[in-house]
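Peer 1: Okay, structure incoming, though there's no sequence with it:
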């Protein structure tokens, strides 16, 4: 399982999340996505803890909590949706 953490301050660093989530268990991984073009953080992250029990405890404690002036949205991450590539149907044209 993985935890989705939303409504994060853009100045947040990965170590900030490690520090907060370490209170609930061993932090295995933290991923803070950035915009491809600007490199700016996107305002959300994914955190993995050692066990599902630790993750459930973190979700219960942190969802709706205020941190860095923002109200956190913390829940179980959903699987990534498949995106369609490109702009519509491809047709075989002969030139």
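Peer 2: Here it is on my side, so go on. Quick caveat: nothing in here was measured; it's all calculated off a predicted structure.
Peer 1: give me phi/psi at the residue positioned nearest the centre of the chain?
Peer 2: What sits nearest the mean C-alpha location of the chain, by CA atoms, centre = their mean, is residue 45, with 2.5 Å. Geometry field for residue 45 lists phi and psi as phi -150, psi 170, criterion degrees, to the nearest 10.
Peer 1: what's the distance between it and residue 8?
Peer 2: Counting by CB to CB, to the nearest Å, the gap from residue 45 to residue 8 is 6 Å. For the C-beta atoms, the positions are set from N, CA and C on the backbone; glycine is no exception.
Peer 1: likewise residue 68?
Peer 2: Look at residue 68 and residue 8: by CB to CB, they are 8 Å apart.
Peer 1: out of these two, which sits in the busier spot?
Peer 2: With neighbours defined as other CB atoms under 10 Å, residue 68 and residue 8 compare such that residue 8 has more, 20 against 13.
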